[in-house]
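Chemist: Coordinates for the following, if possible.
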Amino acid sequence: MEVVAAGIAYALKSYVPQNALTKLGLASMIATGNISLSTNLAPTLSPGASIVLPGDANFANLTSRWREWHAPNIAAVVRAATEADVQQTVRYANEHGMPFIARSGGHGATEALASAENAIQIDFRSMNEVRVSKDGKSATIGGGATVKDVVGALIGRGKQAVTGICECVGISAPILGGGHGWLQGQYGLLADQVISARLVLPDGEAMTVSENSNPDLFWAIRGAGHNFGLVTEWEYRIYDIKNAKWSYEIFVFSGEKVEALYDLTNEMLKTQPPEVTHWTYIVKVPEIDPDHPIIWFAIIYDGSVSKARQYAKPLHDIEAITTQEGEATVPELASITLQGENSLGCAKGLTSLRYPIGLKSYNTAAVRKVYNEIDKTFREVPELAGSVFLLEGYSTQGVQAIDGKSTAFPHRDDEILATSYVQYKPNATVDPIADVFGRKLQAHLLEGSDDPAHLRAYVNYAHGDESLQEMYGWEKWRLEKLRKLKAQWDPKNRMRYYAPIV
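Modeler: The predicted model follows:
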């Protein structure tokens, strides 16, 4: 299976632009009108904080993102070390009419980010501490921690938490949009794990939000949180590790097997245990098939090898090009599924467009259309042949056990999360072609879905031009509640750079 990983890595390889910049000290000034950040903001910050300006050698690295296309325009970076640093920076930005955005993993990729011009990037990456409580039932997690930070800190204590899979993604942004992960079938979404949060409001004030403290705002930040404030710290549920190593089995199928595979997958979804995830890529790997995309289909199981093999047994009735099975720790699984720190999911420098859709089941005819569209486009537009189509088939028992009205996340009834990752080296000529391609793939699945008139788009994957109903729910009361809370907590609409409600 090494050739699979190597082939996919080759197909999806990125470049990382390197800019040599002259380093300047903090005494250097960046003009924002007649205001100097170094003179007026720096003295209010803690000793551990710093301001990084465009002339600094580290500026390009600090502001580089998973997707540079339609990225925010950053005037300065404030590397926050404390909650007070975040507050002071927000207040400074407001006083001087500057936008501000938060940054930890840098994976946010939605149209509204491009409207942040001459913005201050509040960099949370130094605020990444993970502390386990004395009773071992919760952890305090810094707002800048990544998935890798959290998983690594907890494993050493025999603990685990519901996190995303991609190691370099920050923990905060997924929580704010709901958050999917391999443990959700057992314990619920990432947002369901939050006991409380320390939140810096758009006016710079800080408060604790929980079920008992500002409960309406607590409701809003778990599903629509990008609109309401900056989280400096989470109090988060954690659990004992059941299995030091998870079981996995990976099948590589040709495109001829689409119908057989997804008819069978629909049947398997009916009895999918809470411990199981189906993880699928439709991707071009020339070393396996030089002419057509392959289907990379993994069964990930938080359980014994024997149970995993029993569950995956029906898949062996479909002829595969190759199979691989094994056991791995969660960090190892991140790399195996191409979501490790040095894998596909963390590659920077590409234009990456996503067009998500939530599904109840697979419409096999629609999946066939998706496969054929990918096959055709890769041949006609080779610049797009490094793209992938991701089908995330999480268990949902833990998600659906929680009252759908308890958080702002609107899509608890979905069984599958699908999205294209239309990826290519920046090329303005390819941009409109890539956009049409991604929308076609989404449209094929929507037309074959249970409700073709109502797209359900996971906000953390949103392209950014979806309707508010598509991202935040079609139930009328949801948007009414969110708009009311927005007017109360952010009347000047300062938090408007990620899937904005207003």
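Chemist: going forward, measure contacts and count neighbours with C-alpha atoms only.
Modeler: Noted.
Chemist: all helices of the stretch 201-350 of the chain, in order?
Modeler: Under the criterion DSSP state H, counting those that start in this stretch, the stretch 201-350 of the chain contains helices at 215-224, 258-269, 305-312, 330-336.
Chemist: Could you list every helix and strand that the shortest one packs against?
Modeler: Contacting helix 330-336 under the criterion 3 or more C-alpha pairs under 8 Å, 6 or more residues apart in numbering; DSSP states H and E are the following elements: helix 147-155.
Chemist: Other residues contacting the helix it packs on?
Modeler: Helix 147-155 has contacts (C-alpha atoms under 8 Å, 6 or more residues apart in numbering) with 128, 130, 132, 141, 160-161, 163-171, 241, 330-331.
Chemist: give the contact list for Gly438.
Modeler: Neighbours of Gly438 in contact, by C-alpha under 8 Å, 6+ apart: 353-355, 420-422.
Chemist: Ignoring the adjacent residues along the chain, who's closest to Tyr472?
Modeler: Counting by C-alpha to C-alpha, 6 or more residues apart in numbering, Tyr472 lies nearest to Pro410, which is 6.0 Å off, once chain neighbours are set aside.
Chemist: Figure out the helix or strand that that neighbour lives in.
Modeler: Using DSSP states H and E, Pro410 falls within no helix or strand.
Chemist: Tell me who's in contact with it.
Modeler: Contacts of Pro410 were listed using C-alpha under 8 Å, 6+ apart, and they are 223, 404, 472-473.
Chemist: Narrow these to those in helices?
Modeler: Judged by DSSP state H, these include 223, 472 as members of helices.
Chemist: With neighbour count, distance to Asp375 and pLDDT as new columns, can the contacts of Pro410 be given to me in a markdown table?
Modeler: Shown next, in a markdown table, are the contacts of Pro410 (neighbours: other C-alpha atoms under 10 Å; distance: C-alpha to C-alpha, whole Å; pLDDT from 0 to 100):
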| residue | neighbour count | distance to Asp375 | pLDDT |
| --- | --- | --- | --- |
| Gly223 | 29 | 35 | 98 |
| Gly404 | 14 | 38 | 97 |
| Tyr472 | 26 | 33 | 98 |
| Gly473 | 21 | 33 | 98 |
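Chemist: Buried deepest among the helices of the stretch 201-350 of the chain, which one?
Modeler: A comparison of the helices of the stretch 201-350 of the chain by mean neighbour count, using mean count of other C-alpha atoms under 10 Å, puts helix 215-224 on top with a mean of 23.
Chemist: chain center to it: distance?
Modeler: Taking C-alpha atoms, centre = their mean, to the nearest Å, one finds helix 215-224 lying 18 Å from the centre of the chain it belongs to.
Chemist: With stretch 374-386 instead?
Modeler: 25 Å.
Chemist: Stretch 355-365 now?
Modeler: 19 Å.
Chemist: ok, and the closest non-adjacent residue to Ala244?
Modeler: In space, and not counting its chain neighbours, Ala244 is closest to Thr329: 6.2 Å by C-alpha to C-alpha, 6+ apart.
Chemist: and that neighbour, what is it in contact with?
Modeler: 244-246.
Chemist: Who are the contact partners of Trp246?
Modeler: With contact set as C-alpha under 8 Å, 6+ apart, Trp246 has these partners: 300-304, 327-330.
Chemist: and Lys484, how many neighbours does it have?
Modeler: Per other C-alpha atoms under 10 Å, the neighbour tally for Lys484 reads 12.
Chemist: swap in Pro174?
Modeler: The local packing of Pro174 (other C-alpha under 10 Å) involves 27 other residues.
Chemist: What's the first helix or strand after the helix or strand hosting it?
Modeler: Pro174 belongs to helix 172-176 when elements are defined using DSSP H and E. Toward the C-terminus, helix 172-176 is succeeded by helix 184-187 as the next helix or strand (DSSP H and E).
Chemist: The very next helix or strand once past that following helix pairs with which strands, parallel or anti?
Modeler: The C-terminal neighbour of helix 184-187 among helices and strands, as given by DSSP H and E, is strand 194-200. When pairing is defined by DSSP bridges, strand 194-200 lines up against strand 206-210 (antiparallel), strand 230-237 (antiparallel).
Chemist: and His454, which of the helices of the stretch 201-350 of the chain is closest to it?
Modeler: Minimum separation from His454 across the helices of the stretch 201-350 of the chain (C-alpha to C-alpha) falls at helix 215-224, 18.5 Å.
Chemist: could I get the closest one in PDB with only the CA atoms?
Modeler: Extracted in PDB, the C-alpha atoms of helix 215-224 (Å, rounded to 0.1, in the frame of the first residue of the first chain):
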ATOM      1  CA  PRO A 215     -26.700  30.100  27.900                       C
ATOM      2  CA  ASP A 216     -28.100  31.600  24.600                       C
ATOM      3  CA  LEU A 217     -24.600  32.700  23.600                       C
ATOM      4  CA  PHE A 218     -23.300  29.300  24.600                       C
ATOM      5  CA  TRP A 219     -25.900  27.800  22.300                       C
ATOM      6  CA  ALA A 220     -24.800  30.100  19.400                       C
ATOM      7  CA  ILE A 221     -21.100  29.400  19.600                       C
ATOM      8  CA  ARG A 222     -21.700  25.700  19.100                       C
ATOM      9  CA  GLY A 223     -22.600  25.700  15.400                       C
ATOM     10  CA  ALA A 224     -22.500  29.400  14.400                       C
END
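Chemist: Pull the residues that contact that helix.
Modeler: 175-178, 191-192, 196, 209-211, 227-228, 406-410, 472, 482, 485.
Chemist: what's the answer for stretch 269-288, then?
Modeler: Residues from elsewhere that reach stretch 269-288 (C-alpha under 8 Å, 6+ apart): 3-4, 7-8, 11, 182-186, 290, 292-303, 337, 371, 385-398.
Chemist: List the buried residues for that stretch?
Modeler: By neighbour count on 16 or more other C-alpha atoms under 10 Å, the buried set for stretch 269-288 is 269, 272-286, 288.
Chemist: could you say what helices and strands whichever helix or strand Gly358 is part of packs with?
Modeler: According to DSSP H and E, Gly358 maps onto strand 357-359. Helices and strands touching strand 357-359, by 3+ C-alpha pairs under 8 Å, 6+ apart, are strand 416-424, helix 431-447.
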